[in-house]
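Engineer: no sequence on this one, just coordinates:
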């Protein structure tokens with residue numbers, strides 16, 4: 001019975017992930033607005049779900065936990081900036097070949113980071129199922145809501161940096177696949193709350209960097225449209241609503 005409940009809940013979360021990814025594939029001309037919404041969901045997810053859940057899971061003084069978030073933020077920044085260093089001078093923009101700036105590495109880093117987060121989601125669902133079917137149902141409902149945003153963000157992030165649609169689809173399928181992997185690992189290997197909490201803190205730092213350095217700046221440039229800012233606010237509000245209902 002427990003296995004059947006887990007399978008149904010897992011399929012629901014998978015369907016939500018794929019549905020979220022299908023939106024920017026279908027409405028690619030609105031990718032800027034969708035990316036703005038994704039910016040809000042990532043920052044909201046880090047601040048309202050990942051960090052509170054991790055602090056609750058690990059207990060004790062929250063300051064060391066926030067230090068983990070800060071270190072993850074810093075590590076992501078260093079990896080990103082070291083990756084995009086160019087061998088030529090940056091005294092003038094004309095010296096930088098435009099093709100080096102079209103496919104920003106952070107876009108792929110961000111999508112891959114979302115894949116890792118998907119595996120953590122699978123672990124969380126498995127941990128909830130091991131506790132009780134009722135707990136698993138509550139966790140699955142929360143996951144289904146934010147996995148829709150995950151799928152949307154994964155595809156929007158790739159498309160907005162001019163990568164091919166096929167690449168976006170592969171990463172979306174990978175997102176769903178790693179959810180399955182994380183769930184399978186979680187059912188076979190029980191992580192304690194402290195280990196799972198630390199993973200959530202690392203992902204929170206990564207999401208904050210991705211939102212602050214790549215997504216939110218995309219709606220604060222000279223071509224910023226009011227609807228993009230509104231879409232970012234809607235993304236934050238959506239996560240706030242999910243977090244409120246889940247708790």
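Structural biologist: The structure has been received and is ready for your questions. These figures come from a predicted structure and were not determined experimentally. Residues are numbered from 1 along each chain as shown.

Engineer: so the residue sitting nearest the centre point of the chain, which of the three states?
Structural biologist: Nearest to the mean C-alpha position of the chain, counting by Cα atoms, centre = their mean, stands residue 114 at 4.3 Å. Classification of residue 114 using DSSP: H, G, I helix; E, B strand; the rest coil returns helix.

Engineer: thought it was touching residue 153?
Structural biologist: Yes - using Cβ atoms under 8 Å, residue 114 is in contact with residue 153, at 6.3 Å. Every C-beta, even on glycine, is put in place using the N, C-alpha and C of the backbone.

Engineer: how about the helices of this structure, start to end?
Structural biologist: 2-26, 31-45, 51-58, 62-83, 99-102, 105-131, 133-160, 165-188, 193-210, 226-246 (DSSP state H).

Engineer: mind giving me TSV with those helices and columns for mean pLDDT?
Structural biologist: Converted to TSV, the helices of the chain look like this (pLDDT from 0 to 100):
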stretch	mean pLDDT
helix 2-26	85
helix 31-45	78
helix 51-58	84
helix 62-83	83
helix 99-102	43
helix 105-131	73
helix 133-160	75
helix 165-188	87
helix 193-210	80
helix 226-246	81
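
Engineer: Please identify the deepest-packed of those helices.
Structural biologist: Across these, the average number of neighbours (mean count of other Cβ atoms under 10 Å) peaks for helix 31-45, which reaches a mean of 25.

Engineer: just checking, what packs against it?
Structural biologist: Other elements packing on helix 31-45 under the criterion 3 or more Cβ pairs under 8 Å, 6 or more residues apart in numbering; DSSP states H and E are helix 2-26, helix 133-160, helix 193-210, helix 226-246.

Engineer: Kindly calculate the angle that the first one makes with helix 165-188.
Structural biologist: Relative orientation of helix 2-26 and helix 165-188, computed by axes from the mean of the first three to the mean of the last three Cα atoms, to 10 degrees: 160 degrees.

Engineer: Then the third one?
Structural biologist: An angle of 160 degrees separates the directions of helix 193-210 and helix 165-188 when computed by the same axes, to 10 degrees.

Engineer: quick one: contacts for the residue nearest to residue 72 when sequence neighbours are not counted?
Structural biologist: Closest residue to residue 72 apart from its sequence neighbours, by Cβ to Cβ, 6 or more residues apart in numbering: residue 205 at 2.6 Å. With contacts defined as Cβ atoms under 8 Å, 6 or more residues apart in numbering, the neighbours of residue 205 are 46, 68-76.
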